[in-house]
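Student: Take this sequence and fold it.
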Amino acid sequence: MSRSQAFFHLSKAFWNFPKAFLSFSKAFLSFPKAFLSFPKAFLSFPKAFLSFPKAFPSFSKAFPSFPQKHGSLSHGTARWSFSWSEPNVVSVSKSPAGASRPMVAGINERNNDDGQKSGQGYRFLQRNLIDCFPMLIVVFRGEYHKTIFPDPILNNMTEHKPPLTLQPINAAEAWLHTGKTEPIRVIGTKAIRDTFDETALQQAIHSRLAPGVKQVVLNPDAHAGYGAPIGCVMVSPTHIYPGPVGVDIKCSMSLLQFELDADAVKERRVRRELIHAVCDRTPTGYGRHPRKAGKSRHVDRVLGFKAVTEGASQDVCERLGIPPEWANRCEDAFHRGHNGTISALAERLNHLLGKLMTPGKSFMSSFPEKMEQLGSYGGGNHFGECEIVHVAGNDNARKTAEQFGLRDGNVAFLSHCGSRGFGNLLATGQFQVLQQKFQAWGVPFPANDKQLVYAPLGSPEADDYLDDMALGGNFATVNHLLINTLVYEAFQEVFPGVKADLIYYISHNIARLEPLDGKMVWVHRKGATRAFPANHPSLAGTPFETTGHPILLPGNPRDGSVVMVAEEGAVKSCYSVNHGAGRQMSRMKANRELDQRGINDELDAEDILTNCRNYPKDEAPAAYKDFREVLKSVEGAGLAREVARLKARFVIKDGDTADD
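Tutor: Residues are numbered from 1 along each chain as shown. From the prediction side, this is the model:
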């Protein structure tokens with residue numbers, strides 16, 4: 001029998017095993033009947049898998065001199081080495097301890113403590129795992145030899161570990177030990193630490209043990225994310241990681257300060273006028289763009305190309321009607337390509353525009369539509385919020401507030417959004433490309449988590465990611481500045497002649513090259529905010545050189561948000577703080593358990609208006625951690641101090657599916 005015939009039989013047996021699998025499903029899903037006859041259903045699997053002999057005996061002929069192959073796989077603190085010496089036998093050994101033992105798919109009839117023989121075939125079964133698919137299969141494709149480890153196998157091969165525990169340092173800090181590196185610094189009071197789920201803690205450990213990572217910090221708003229937890233800081237001098245940036249590249253906050261007394265928005269009628277005026281210019285919702293708002297800006301393909309390659313350049317600002325001086329109030333007004341040039345971004349974007357995914361359709365076929373989203377919030381946790389500024393009652397706060405441009409007792413507008421569909425497209429594309437390359441190279445994912453893919457700095461893959469991140473970052477910057485311009489126009493419609501200035505624009509989903517401990521390193525902030533104190537070298541020549549820059553932390557409409565400034569102690573958190581309160585309930589759980597009427601009544605009792613008929617359950621204050629305890633953690637750790645509290649008067653929000 002030829003090699004192709006052998007592989008055909010294997011494919012037929014493995015890939016077309018729905019006959020056995022679906023009969024298993026049929027039995028299993030008719031639960032009472034199937035569960036009692038479970039062994040009958042499950043052990044009938046050999047009908048599919050034990051057709052392997054049709055292929056495997058032929059593999060001996062197809063591969064008469066089967067070369068020994070070696071590989072390894074890590075999961076948690078355990079590591080397995082595996083090798084092939086025969087087409088149907090894999091020898092696996094576990095480190096640090098454990099004897100080598102055969103795991104077989106095919107016709108080998110050997111049996112051991114963990115296996116079960118059935119007819120002419122051999123199935124590998126973990127004890128007490130009859131409810132999963134513990135088959136180890138060796139698939140041959142030409143010169144490639146690949147093992148498929150189903151997740152249940154990996155989870156049960158991992159050595160039993162006691163529950164993760166945090167070792168307190170003081171009232172607002174703790175250590176999370178990895179067992180192999182310096183511990184992870186955790187910012188949070190006891191009450192906050194109790195909110196951390198084990199998944200988030202394990203993700204932090206996985207991130208710290210990933211290649212090239214030198215530091216990880218867990219902030220009080222931390223919760224489980226994809227690969228890396230949301231609310232963490234990750235530092236590497238040698239690698240770039242898409243996961244600890246996320247799919248909403250450069251999701252950010254901005255604050256616009258009006259010269260308008262709080263009494264001007266006291267009447268609900270006036271606030272309702274402002275809501276309509278804002279929504280006439282900047283729509284909310286997943287996939288929506290300003291074309292649906294009559295008084296928005298139209299951004300065509302040419303201007304969009306310029307915006308994402310140049311950022312908030314003077315030309316881009318002038319074309320969109322953005323006050324050019326606002327660029328001076330941005331954490332980063334623009335991002336450049338991997339080599340520090342605009343031309344690198346233009347070349348990369350042209351490549352993406354020409355990259356074919358399917359015949360006749362490019363990767364960026366939706367580019368014009370994505371550019372039309374400039375000037376819009378999106379859905380999920382993104383919002384616009386009218387605030388009243390309350391400067392803290394101490395001399396330091398008043399002096400800092402004056403330097404920032406905050407006006408006590410006046411109206412301000414806080415915005416939260418990112419790079420919309422454009423950033424999401426770039427980020428998901430990068431994940432897919434790197435995951436495919438890891439698989440082609442035979443490189444294991446860190447902690448077996450494909451969301452923790454990375455690229456060594458200086459490699460073509462790293463250059464591509466840095467360019468894509470810069471393109472998304474430039475979109476987010478222009479998006480925020482345009483939103484603030486449109487909000488300014490909306491207020492001028494209701495209050496002719498009113499003046500406003502941008503206080504600051506700052507991101508919380510980005511990787512930046514920054515000085516740390518005397519070296520230039522890439523600081524990845526996933527749901528974390530930069531916190532440079534006074535006299536930090538990166539603030540030289542900015543309006544905030546002597547004070548530190550504003551830190552914008554959203555809480556929730558009920559408890560308010562804050563403007564903070566970093567303290568010298570921020571160095572221990574890699575000059576970072578949290579990006580908000582952080583979720584304590586998943587969206588699904590919040591939608592299932594929270595009471596809609598209670599949410600609406602709570603906002604009404606606080607005299608907070610919204611553009612929503614019903615405020616989204618999954619964005620209700622109760623879905624988030626106690627913001628007061630979060631702030632207590634930040635100040636208790638000596639990272640930053642409060643300058644002003646922002647009290648919501650109305651919220652622009654959407655109940656659509658999250659794009660954050």
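
Student: can you pull out the strands in the stretch 301-450 of the chain?
Tutor: Secondary structure of the stretch 301-450 of the chain, counting by DSSP state E, counting those that start in this stretch: strands at 356-358, 361-362, 383-391, 410-417.

Student: Out of the ones you listed, flag the one nearest residue 199.
Tutor: Nearest to residue 199 among those is strand 410-417; the distance by C-beta to C-beta comes to 24.7 Å. (Each C-beta comes from the backbone N, C-alpha and C, glycine too.)

Student: worst average pLDDT in the strands of the stretch 301-450 of the chain?
Tutor: Lowest mean pLDDT within the strands of the stretch 301-450 of the chain: strand 356-358, a mean of 69.

Student: Bridged to residue 252, which residues?
Tutor: When bridges are called by DSSP bridges, residue 252 pairs up with residue 417, residue 507.

Student: pLDDT score for residue 495?
Tutor: On pLDDT, residue 495 comes in at 98.

Student: that older thread, which one of the strands of the stretch 301-450 of the chain lies nearest to residue 174?
Tutor: strand 410-417 (28.5 Å).

Student: give me the low-pLDDT residue ranges for the chain?
Tutor: The model of the chain has pLDDT under 70 over residues 1-163, 285-292, 357-360, 655-660.

Student: May I ask you to name the longest helix in it?
Tutor: In terms of residue count, the longest helix belonging to the chain (DSSP state H) is helix 460-494.

Student: List the buried residues of it.
Tutor: 461-491, 493-494 (16 or more other C-beta atoms under 10 Å).

Student: mind putting the strands of the stretch 301-450 of the chain in CSV, distance to residue 206 and mean neighbour count included?
Tutor: Shown next, in CSV, are the strands of the stretch 301-450 of the chain (distance: least, C-beta to C-beta, whole Å; neighbours: other C-beta atoms under 10 Å):
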stretch, distance to residue 206, mean neighbour count
strand 356-358, 31, 10
strand 361-362, 35, 12
strand 383-391, 31, 23
strand 410-417, 28, 24
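
Student: I'd like those as CSV, with distance to residue 298 appended.
Tutor: Formatted as CSV, the strands of the stretch 301-450 of the chain follow (distance: least, C-beta to C-beta, whole Å):
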stretch, distance to residue 298
strand 356-358, 27
strand 361-362, 23
strand 383-391, 20
strand 410-417, 19
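
Student: Which among those is found nearest to residue 648?
Tutor: Closest among the strands of the stretch 301-450 of the chain, using C-beta to C-beta: strand 383-391, at 5.3 Å.

Student: residue nearest the centroid of this structure?
Tutor: Geometric centre of the chain, nearest residue: residue 246, 3.2 Å, by C-alpha atoms, centre = their mean.

Student: now that residue, nearest residue through space, not along the chain?
Tutor: Ranked by C-beta to C-beta, 6 or more residues apart in numbering and with sequence neighbours excluded, the top spatial neighbour of residue 246 is residue 509, at 4.7 Å.

Student: From residue 261, how far off is that neighbour?
Tutor: Distance, residue 509 to residue 261, by C-beta to C-beta, to the nearest Å: 35 Å.

Student: which one of these two has more residues nearby?
Tutor: Taking neighbours as other C-beta atoms under 10 Å, residue 509 and residue 261 compare with residue 509 leading, 29 against 13.

Student: My read is that that one contacts residue 529, right?
Tutor: No: contact criterion C-beta atoms under 8 Å: residue 509 and residue 529 do not qualify, at 10.0 Å.

Student: isn't there a strand covering residue 515?
Tutor: Yes: counting by DSSP: H, G, I helix; E, B strand; the rest coil, residue 515 falls inside a strand.
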